[in-house]
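Chemist: Sharing a model that was predicted from the sequence below.
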Amino acid sequence: MNAVTTLTIDCAGIARGLYTDALDLRQLGSLRMERASVVEFKHTTQQWEVRTPDGKRVLFSDSNREECLRWEREFFTQ
């Protein structure tokens, strides 16, 4: 898989993007990471779910966790 890493840097020097190990971001300075979503298994539906960080809204679900992670990467790199 050829993934594209995109960082957006605002005028205050804050970089945002979907984390990947493709770049050593520590070279840019101090890091603070926040999850853009939560990927968890829901026992009642037997599905993996991609949810908003507060857990209130399902963004995507599938029986395959890798499919949820693929969807998450695609969604947040648009």
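Modeler: In hand now; what should we look at? Residues are numbered from 1 along each chain as shown.
Chemist: Point out the other helices and strands that the worst-scoring helix or strand of the chain on mean pLDDT packs with.
Modeler: Every helix and strand in the chain was compared by mean pLDDT, DSSP states H and E; the lowest is strand 15-16, with a mean of 84. Contacts of strand 15-16 with other secondary structure elements, assessed using 3 or more Cβ pairs under 8 Å, 6 or more residues apart in numbering; DSSP states H and E, are made with strand 8-9. The way it works is simple: take the backbone N, C-alpha and C, and place the C-beta from them, glycine included.
Chemist: Strands along the protein, start to end?
Modeler: With DSSP state E as the definition, the chain shows strands at residue ranges 8-9, 15-16, 38-42, 47-51, 58-62.
Chemist: where does the chain dip in pLDDT?
Modeler: Low-confidence segments of the chain, defined by pLDDT under 70, are located at 1-4.
Chemist: try 80
Modeler: Counting by pLDDT under 80, the chain has low-confidence residues at 1-6, 19-20, 78.
Chemist: which stretches of it form helices?
Modeler: All helices of the chain, identified by DSSP state H, fall at 65-76.
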